[in-house]
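**Student:** starting from these lines, generate the structure:
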Amino acid sequence: MTEIVSTVAGLRAALAGRRSAGGVAMVPTLGALHAGHLSLVSDARKRADTVVVSIFVNPTQFAPNEDFAAYPRTMKADLEKLEGHADIVFTPAVEEIYPQGHATSISVGGPSAGLETDFRPHFFTGVATVVARLLIAALPDIAMFGEKDYQQLLVVKRLVRDLGLPVTIVGSPTLREADGLAMSSRNAYLSPEERVIAGRLNAILKEAASQARKGDLRAAEADAIEALWKAGFSHVDYVAIRDAETLDHIAALERPARILAAVKIGRTRLIDNMAL
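**Tutor:** Just a heads-up that it's a prediction; the model follows:
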C-alpha cells in the first residue's frame, strides 16, 4: 500500500525503515500525472527497491504572468494512479517547502544560459531551489527526470555535481502520443483544433534534424521556424541546435547534439527536443 506523507519529517521517518542495499529512487513531479510520469515511476522501480514520488506545484518556477493558478491539480486522480506503483508519495504544502521567512534560492549557470532563460528568466532558479529542497528532504540514491525537459535535466545534473549531493540523476526518454507529441500536463489545455497543430511539432523537428545531418545547422533551424509558423503555431520562441552535454552553440555536428524547440498555440506553451 502506498504511504502518503506531507511533511519532511514524515518523509524521513517513512524512509528510515525502507532504506536498504536496494536503494531509494525519487521522481519529482508537479502532479497532473500522465503516462509519461508513470513511465518515470516504472523506470525508477527497475533501479531501486523503494520509489518516492513528490507532487508539488512549485510557485517559484512560475512568473506572475504564467499559469500557476490554472496549472492542473488532480491530486485524487494522481494518488489513484500511483497506488501500488510508488511506495511513498510526498505531498507537501507550500509552507513546508518554503517556510515563513524563506530567504534562500539557488542559481545555476552553465546549461541554464539561453533558450528557456531567454523567455523565462526566473524558471531555473525556481527549479534548482525546489529540486535541491526535495533531494535534501528525501536523500534518495537516484532521482528520475524526463528528457522532454532537456535543459532542465542538464541544469539539475549541474546542480547535483556542483553541490556534491550524493544523488545520481537519470534522464528517461520522452514518452509520446501516437502522432509524436511529447506527453505533457499542459496538453490538457489544447482545444481539438490546437491539438492537431501541436502534433506537427515533433514531425517538423524530425525534418530539421534530417536537414541538419546534411550539414547546414543554421538553415535547418531557420527552415524549422518557418515551417512551425506555417503549421499554425501562434508563436515560436526558439528552434536551436546545441551541444548535447553543455547546450553550447555549435557550428557542425562533430559531437552529440540536440535540437530543441519552444512554441505556443494560443495560451499553451509546448517544448520538445530530440537527439542528433
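
**Student:** what ranges do the helices span in this protein?
**Tutor:** 8-16, 35-47, 75-82, 94-97, 116-119, 123-138, 150-163, 192-198, 200-212, 217-231 (DSSP state H).

**Student:** what separates residue 111 from residue 118, distance-wise?
**Tutor:** Using CB to CB, to the nearest Å, residue 111 is found at 14 Å from residue 118. Bear in mind the C-beta positions are built from the backbone N, C-alpha and C, glycine included.

**Student:** can you pick out the residue with more neighbours from the two?
**Tutor:** residue 111 (25 against 12; other CB atoms under 10 Å).

**Student:** against residue 32, how distant is the residue nearest to that one when sequence neighbours are not counted?
**Tutor:** Nearest residue to residue 111 in three dimensions, chain neighbours excluded: residue 154, at 3.8 Å (CB to CB, 6 or more residues apart in numbering). Residue 154 sits 24 Å away from residue 32, going by CB to CB.

**Student:** tell me which of these two has more neighbours.
**Tutor:** residue 154 (23 against 20).

**Student:** who are the contact partners of the more buried one?
**Tutor:** Counting by CB atoms under 8 Å, 6 or more residues apart in numbering, residue 154 touches 110-111, 245-247.

**Student:** out of the helices of the chain, which comes closest to residue 67?
**Tutor:** helix 123-138 (12.8 Å; CB to CB).

**Student:** what does the closest one contact?
**Tutor:** 8, 11-12, 15, 24, 26, 28, 52, 54, 56, 58-63, 90, 97, 104-108, 112, 116-117, 143, 151-152, 155-156, 159-160, 163, 165, 167.

**Student:** chain center to stretch 40-50, what's the gap?
**Tutor:** Relative to its parent chain, stretch 40-50 has a centroid offset of 17 Å by CA atoms, centre = their mean, to the nearest Å.

**Student:** with stretch 195-210 instead?
**Tutor:** 19 Å.

**Student:** repeat that for stretch 87-99.
**Tutor:** How far stretch 87-99 lies from its chain's middle: 19 Å, per CA atoms, centre = their mean.

**Student:** flag every buried residue along it.
**Tutor:** With burial defined by 16 or more other CB atoms under 10 Å, the residues of stretch 87-99 counted as buried are 87-92, 96-98.

**Student:** just to revisit the earlier point, could you dump the contacts of residue 154 to CSV with pLDDT and distance to residue 230?
**Tutor:** As requested, those are exported to CSV (pLDDT from 0 to 100; distance: CB to CB, whole Å):
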residue, pLDDT, distance to residue 230
110, 97, 35
111, 98, 31
245, 97, 32
246, 97, 32
247, 98, 27
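
**Student:** only whichever of those are buried, select them in PyMOL.
**Tutor:** Buried members of the contacts of residue 154, defined by 16+ other CB under 10 Å, are picked up in PyMOL with:
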select buried, resi 111+247
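
**Student:** from the contacts of residue 154, which is closest to residue 71?
**Tutor:** Set against residue 71, the nearest of the contacts of residue 154 by CB to CB is residue 111 (24.5 Å).

**Student:** please list only the buried members of the contacts of helix 123-138.
**Tutor:** 8, 11, 15, 24, 26, 28, 52, 54, 56, 58, 60-62, 90, 97, 106, 108, 112, 116-117, 143, 151-152, 155-156, 159-160, 165, 167.

**Student:** that older thread, tell me which of the helices of the chain lies nearest to residue 178.
**Tutor:** Distance to residue 178, taken as CB to CB, is lowest for helix 200-212 among the helices of the chain, at 11.0 Å.

**Student:** how big is the angle separating the closest one from helix 217-231?
**Tutor:** 150 degrees (axes from the mean of the first three to the mean of the last three CA atoms, to 10 degrees).

**Student:** what mean pLDDT would you report for helix 200-212?
**Tutor:** For helix 200-212, the mean pLDDT works out to 98.

**Student:** got the contact list for residue 35?
**Tutor:** By CB under 8 Å, 6+ apart, the neighbours of residue 35 are 175, 183.

**Student:** one more time with 10 Å
**Tutor:** By CB atoms under 10 Å, 6 or more residues apart in numbering, the contact list for residue 35 reads 42, 81, 175-177, 183.
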